[in-house]
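Engineer: Sequence and predicted model, in that order:
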Amino acid sequence: MSDRLNDLRRERTVIQAHLEWLDREIAVQSNAGANTSAPAPTSAALAANASLGTISQPLSAAAPSSSEIDVALDSYRQDPVALQSDVRKGCFLYLAIAFLLLFLAVGALYLYSRSLHADRTAPAPTVEESPRR
């Protein structure tokens, strides 16, 4: 078998195990307060857990606290006044570039149209006489 086929089968097993865990959690939450036990995991879930480590823990258990998130976000925060100044400079820069491109386009159009009509506007060439001796 190819490596791709093995990877796909392994991923399918992991997803099946996760879906079974979700089913168990839904059953526990819907029977909250009742004395019924959650269904036992199937052999596919046990095989997936054995080959890939335990995945039966919910993902929210490893979620960072809000203070850790704030500390991480502080490194990306900027002063609002400096941010406004940077945005204003960027807008002026884009405006200047737009005007420059507009002037270049108008100049190119002028030169192109002048070259097309040069034969109509130029004076007719005159025949020069040879100098008299």
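Structural biologist: Cool, the structure landed.

Engineer: lowest-pLDDT helix or strand in the protein?
Structural biologist: Lowest mean confidence among the helices and strands of the chain (mean pLDDT, DSSP states H and E): helix 43-52, at a mean of 58.

Engineer: Residue 10: neighbouring residues, count only.
Structural biologist: By other C-beta atoms under 10 Å, the residues close to residue 10 number 13. Quick note: C-beta positions are derived from backbone N, CA and C, even for glycine.

Engineer: any idea which element it lies in?
Structural biologist: helix 3-30 (DSSP states H and E).

Engineer: who does that helix touch, helix- and strand-wise?
Structural biologist: Judged by 3 or more C-beta pairs under 8 Å, 6 or more residues apart in numbering; DSSP states H and E, the packing partners of helix 3-30 are helix 43-52.

Engineer: The lengthiest helix in the chain: what's the following helix or strand?
Structural biologist: The single longest helix within the chain, with elements called by DSSP state H, is helix 80-116. Following helix 80-116 in sequence order, the next helix or strand is helix 118-121 (DSSP H and E).

Engineer: Using PDB, list the CA coordinates for that next one.
Structural biologist: Taking C-alpha atoms only, helix 118-121 is exported to PDB below (Å, rounded to 0.1, in the frame of the first residue of the first chain):
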ATOM      1  CA  ALA A 118       3.000  64.700 -36.800                       C
ATOM      2  CA  ASP A 119       2.700  64.400 -40.600                       C
ATOM      3  CA  ARG A 120      -0.400  66.600 -40.700                       C
ATOM      4  CA  THR A 121       1.000  69.400 -38.600                       C
END
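
Engineer: Model confidence for residue 84, exactly?
Structural biologist: Listed pLDDT for residue 84 reads 92.

Engineer: domain parsing for this protein?
Structural biologist: The chain breaks down into these domains under automatic domain parsing: 3-57, 80-121.
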